[in-house]
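*Asks:* After the sequence you'll find the predicted model.
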Protein chains: 2
Amino acid sequence: MPYFDAASAAPLHPVARQALLASLDEGWADPARLYREGRRARLLLDAAREAAAEAVGCRADELVFTPSGTRAVHAGVSGALAGRRRAGNRLVVSAVEHSSVLHAAEVHAAAGGAVTEVPVDRSGAVDAGAFAAALGEEGAALACLQSANHEVGTAQPVAEVAEACRGVGVPLLVDAAQSLGWGPVEGGWSLLAASAHKWGGPAGVGLLAVRKGVRFAPQGPSDERESGRAPGFENLPAIVAAAASLRAVRAEAEAEGARLRGLVDRIRARVPELVPDVEVVGDPVRRLPHLVTFSCLYVDGETLLHELDREGFSVSSGSSCTSSTLTPSHVLRAMGVLSEGNVRVSLPAGTAAEDVDRFLDVLPGVVAGVRERLGVPAATPMAGSGAVAGSGAVAGSGAVADSGPVADSGAVADGVPVVDALVVDALGRRCPIPVIELAKVIGDVPVGGTVRVLADDEAARLDIPAWCEMRGQEYLGEEPSPRGGVAYLVRRAA
Amino acid sequence: MPYFDAASAAPLHPVARQALLASLDEGWADPARLYREGRRARLLLDAAREAAAEAVGCRADELVFTPSGTRAVHAGVSGALAGRRRAGNRLVVSAVEHSSVLHAAEVHAAAGGAVTEVPVDRSGAVDAGAFAAALGEEGAALACLQSANHEVGTAQPVAEVAEACRGVGVPLLVDAAQSLGWGPVEGGWSLLAASAHKWGGPAGVGLLAVRKGVRFAPQGPSDERESGRAPGFENLPAIVAAAASLRAVRAEAEAEGARLRGLVDRIRARVPELVPDVEVVGDPVRRLPHLVTFSCLYVDGETLLHELDREGFSVSSGSSCTSSTLTPSHVLRAMGVLSEGNVRVSLPAGTAAEDVDRFLDVLPGVVAGVRERLGVPAATPMAGSGAVAGSGAVAGSGAVADSGPVADSGAVADGVPVVDALVVDALGRRCPIPVIELAKVIGDVPVGGTVRVLADDEAARLDIPAWCEMRGQEYLGEEPSPRGGVAYLVRRAA
C-alpha cells in the first residue's frame, strides 16, 4: 500500500528502529545521574549529539534536542527574540513558513511585537532582495526562513538571505524540517530547527541549533537539561534513533534523492497530460527531490483524498475542505495558486517506481469520477488543458444563475462601470462549487461581459482568481455582496 | 546489578516495550490525516487517551499527552494561572514541590506574579490547615501540591487540601508524577500532571488532565494537536506504550506495593541499626511504598554514591555535592533535616529481596570507609547512634581550630552575649567537612560553652542545625562572619 505523505511523517527507517530497540535497554536511565546506568545514558546522549551536530554542520554544544520540530521552532523563535530585545522587536518571516513559525509569530504579535511577512512568487519562493528589504525595517530582531517549503517543495534562497541577514546583523532561523534528511543547510544561518520524524526518525525528537555568539535567552521555565534550552527528561532512546537515522538517510541521500527526483519529474510531466484542468505548483527545478503538488479544477479535495485512499494511495492536501478551519492552505494562498482539488505527493525513501506508475494510472479516473459526481459536465470545452470555458448549457443542478443584465451596485474596473451579465449565487456552497458554477456560465455571457459570483466560502477568494489565471479570463476584483458574503467579478476575455 | 533509583526513571516495563514495538509499525503516521495510516494512528491515540484517563480518573477529553511530566507541569501551571488572571495572580505551592513546579513559580514571580510557599514539617508533609490559610491570601489563583514527595516519599494531604481549595474556589494542580503508577489521586483536584517514565513507561510522555469547568488558557504558541494544549507532532508509539504500561502497573500495584513496602520497612528499620549516626527521613507511614531516604553524618554524598555504584547499587542523593549547583536539595532544606551523606533508595517493581539484603550487607562498610577517608575518628563517642560528641582528641588533618576563648563579635543568644570557646575555620571546605570539624571539637569546650563554625558551603546552613538536632546540642543561630562566609554558633548542651 503506497504511502505518499512522507512530508507529514516518514515511516520509521530501519536504522532508527534498530537504534531505538538497542537504546531502550541501554538508554532509559537519567543521563544526569552518576551511577552506571546514568553514565551509559550520558554516553549515548553525547554520541547522539555529536552525530546530529555533524549532520547539521554545527558544534555539538550548539545543538539541543527538543520534543518535536514544532517545539524547536517555538523555543528558537522566543529565545532569539528575547535575546535580541534591545535590538528591536520585529520578526521577519516568509509568508509560507510552517504553521509552527507562524504560530510563534502570532504569539509575538499578540505580546506587542511587530511581524513582517515577506510575500512569495507564484512558485512559492521568496525574493532574496525583498527579504533583505524587510530586514531593513525598523527594529528587525530575527528572521525566519524555511529551507524548503513543506507543501509545494520549493527551495528558498537561504544562503542569499543569510548573507543579507549577516550584513545587517539580524540572526536567521532556518526551519530545515523538510530538507535536513537530504543535506545540510547551506549558508551562514544563526539558528536551525528540524524534526526527526520527517527524515525517518521516531516521533518525539526535534533539534535546535543555536550558533555560538547568537544572543539567546530561553523563555519559560527551564531546568538543567539540554543547556537550559529544552526542559524535561530527555527522550533518549528516540534521540539515539533520530541521530542514527539521520546519518543513515544522509548516506543514502544523493542516490535516493536522484531516484525520487526522477519519479517526481514523471509525476510533474504526466499529471497535466493525463488529467485535464490541472495546475502543477511549486518551482520545477529548485525544490525538494521527493515532493510534488498539483491542484485539480472542479474537484473537492476531501473526496479526492478519500478516493485515492480507497485505491490505496495516502496523500495530503492543502484544500480548504481537508482543513479543520475550512480555509485553504496559507501556502497556496500566498502563492496565489488554485487550492481546490489540491494533492501533495511526497515520496518516502524506497518508493517503488511501479507504485508511482500505478498512481498515474489511477489518478485520471479518480478525478473524472469526482468531477462527474459534482455535476461538472464531462467532455465539455471546460475540460481540456488550457481550453477556454465555452458556451456549454448550464447544468440543471447547482447554483441558480440570475441571468440577464443586472444593474451593477457600483463596482468599477479600469475606470469603467461594470454591468453584470450574470450573477451566480453560490452563497452557502463550499469549494469547489463556486468555481464550478462560474465555469458553467462563463460561456453564456458575451466576450467582454461579466459574471458576478456571490460566495461565502473562503476558498473562493483564492480559487476564482486562480481559475481566471488558468483559463485566460479576466479577474476584476471583489466587493462586499449586498446579500452577504463576497461578490467576485470576472470578465469574459476569451 | 540492582538499580535502586526508580524515582528518577524506572526501567521500561515489559508491556511498555511490547506496546512500543507494536505501535512503531502501526502508529508512526500523523493522526490528523484522513488516510488509512492516519486513521490507524488516530485510533491508537484515542484508545491510549481512554486508557490513561481511566487510570487517572478523568474523562478522556480532559486529558492531553505532553512530551514529559515537566512540560505537563509547565503547561498546567501557566495555563491555569492565565485562565484565572481575573481572580488574582498568586500561586500557592508547597516548599517541597518538584523543581518543575518551582521553576514555573519562578517564571511567574519574574513576570510580576506572587508566590506563596507553604512550609513542611520535619517529615516533609504540608499541614492542610496551613495550606488552607495560604489560600486565603489575597489573589490566590492556583495551588500546586504533589501527591507524594519525590525525594523522601512522604504523601501529602491532597484530599484535604483539594477540599480547602474547592471551598475558596481555587483550582488545585496535583503533581502526581511519583504516585500515579500506584493508584489514582484521591480528592477533588482540578488539574493533574504525571510522567510515564516514572511508572515504567517510555521517556517522552507526560500527561496533563484539566477538569471540565476549570478556566484554562494555554500559553505560548499552540496548534490543533492535543486540544491546543500541547503543540507538536504526537509521540504516538511512546504514548501508546505509556498508556498500556500504566494499566499494567496498576494491575500489579496492590500486590507489588505491599511487597516493596515490606522491603522499604526493612531498610527503614535496619539502616539505623547497622550504620551509626544516620537519620532516616520522611513520614514512616504516610508515604510511597517503594521509596526510603536516609542521611549519614560525616559522609560525602558523592563519594558514598560512587562507592555504592562500585558495589553495584544505583541510588541517588540530595546532598549538595551531588548537585550541579552545589546546594543541598530544597526538599531536605525545607524539612530541616540533615543533607550530608544523603541516600535515596527507590525500588523498581520486581526488586528482589536478596538485592535489598545485599544492600544492607554492603552499606555499613561503605559508610565506614567514606568516614575513615574523611578523617572521622572511628569508634569515638561521636560514632554511635544517639551518642553525644565527647572529648575525643582533635584529629590532625582538617580545619584549624582556633582554640581558646575569643572575644565575641556581638552575637547574642537568649539575651546573653555569647563568648566563643572555640572557632572552627571551615571556610572553603565543602560538606561534610564543616560538620566533621564541629563534631571533632565539641568535646573540647565545656558544657555551656560555644563553638563558632565559619563556613561558606551552602550545605552547612542546613547540616549544622540538623547535626545539633541529632546530637542534642543547642544551635544558637548564624551571623555574617568577618572573615567571609557565615558563622554558625553552637552551644554544647550535653
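*Replies:* That came in fine, so what should we check first?
*Asks:* how much space is there between residue A:47 and residue A:244?
*Replies:* 9 Å (C-beta to C-beta, to the nearest Å). Where C-beta positions appear, they are placed from N, C-alpha and C, glycine not excepted.
*Asks:* wait, doesn't residue A:143 sit right on residue A:128?
*Replies:* No. Using C-beta atoms under 8 Å, residue A:143 makes no contact with residue A:128, being 11.5 Å away.
*Asks:* intersection of neighbour lists for these two?
*Replies:* residue A:161 (C-beta atoms under 8 Å, 6 or more residues apart in numbering or on different chains).
*Asks:* Which parts of the stretch 101-250 of chain A are helices?
*Replies:* Here the stretch 101-250 of chain A has its helices, by DSSP state H, counting those that start in this stretch, at A:128-135, A:158-168, A:236-274.
*Asks:* Could you dump those into JSON lines and include mean pLDDT, mean neighbour count and distance to residue B:454?
*Replies:* As requested, the helices of the stretch 101-250 of chain A are exported to JSON lines (pLDDT from 0 to 100; neighbours: other C-beta atoms under 10 Å in any protein chain shown; distance: least, C-beta to C-beta, whole Å):
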{"stretch": "helix A:128-135", "mean pLDDT": "97", "mean neighbour count": "18", "distance to residue B:454": "57"}
{"stretch": "helix A:158-168", "mean pLDDT": "97", "mean neighbour count": "19", "distance to residue B:454": "53"}
{"stretch": "helix A:236-274", "mean pLDDT": "98", "mean neighbour count": "20", "distance to residue B:454": "43"}
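*Asks:* Please convert these to CSV, extending it with distance to residue A:24.
*Replies:* As requested, the helices of the stretch 101-250 of chain A are exported to CSV (distance: least, C-beta to C-beta, whole Å):
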stretch, distance to residue A:24
helix A:128-135, 44
helix A:158-168, 36
helix A:236-274, 5
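*Asks:* for the ones you listed, which one sits closest to chain B?
*Replies:* With C-beta to the nearest C-beta, the closest approach to chain B among these belongs to helix A:236-274: 5.8 Å.
*Asks:* Tabulate the CA atom coordinates of the helix or strand just after the closest one in CSV.
*Replies:* Later in the chain than helix A:236-274, the nearest helix or strand by DSSP states H and E is strand A:278-281. C-alpha atoms of strand A:278-281 as CSV (Å, rounded to 0.1, in the frame of the first residue of the first chain):
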residue,chain,number,x,y,z
VAL,A,278,-4.6,20.6,-13.5
GLU,A,279,-2.1,23.1,-12.2
VAL,A,280,1.2,21.7,-11.0
VAL,A,281,2.6,24.1,-8.4
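*Asks:* ok, strand A:278-281: who's next to it in the sheet?
*Replies:* strand A:291-296 (antiparallel) (DSSP bridges).
*Asks:* which parts of the stretch 1-150 of chain A sit against chain B?
*Replies:* A:1, A:3, A:5, A:8-12, A:17, A:20-21, A:24, A:28-30, A:32-38, A:67-71, A:74, A:78, A:99-100, A:103-104, A:106-107 (C-beta under 8 Å from any C-beta of the partner chain).
*Asks:* measure residue A:43 to residue A:221 for me?
*Replies:* Using C-beta to C-beta, one gets 28 Å for the distance from residue A:43 to residue A:221.
*Asks:* Comparing those two, which residue is more hemmed in?
*Replies:* Neighbours were counted for residue A:43 and for residue A:221 using other C-beta atoms under 10 Å in any protein chain shown; residue A:221 has more, 24 against 13.
*Asks:* doesn't residue B:111 make contact with the more buried one?
*Replies:* No. Residue A:221 is beyond contact range of residue B:111, at 11.2 Å (criterion: C-beta under 8 Å).
*Asks:* Residue A:197: what's it in contact with?
*Replies:* Taking C-beta under 8 Å, 6+ apart, one finds A:9, A:10, A:203, A:204, A:205, B:28, B:233 in contact with residue A:197.
*Asks:* and those as JSON lines, adding distance to residue B:240, pLDDT and neighbour count?
*Replies:* Output for the contacts of residue A:197, formatted as JSON lines (distance: C-beta to C-beta, whole Å; pLDDT from 0 to 100; neighbours: other C-beta atoms under 10 Å in any protein chain shown):
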{"residue": "A:9", "distance to residue B:240": "15", "pLDDT": "94", "neighbour count": "25"}
{"residue": "A:10", "distance to residue B:240": "19", "pLDDT": "92", "neighbour count": "26"}
{"residue": "A:203", "distance to residue B:240": "11", "pLDDT": "96", "neighbour count": "30"}
{"residue": "A:204", "distance to residue B:240": "12", "pLDDT": "97", "neighbour count": "32"}
{"residue": "A:205", "distance to residue B:240": "17", "pLDDT": "98", "neighbour count": "36"}
{"residue": "B:28", "distance to residue B:240": "11", "pLDDT": "93", "neighbour count": "23"}
{"residue": "B:233", "distance to residue B:240": "15", "pLDDT": "95", "neighbour count": "26"}
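*Asks:* Many thanks, I have nothing further to ask.
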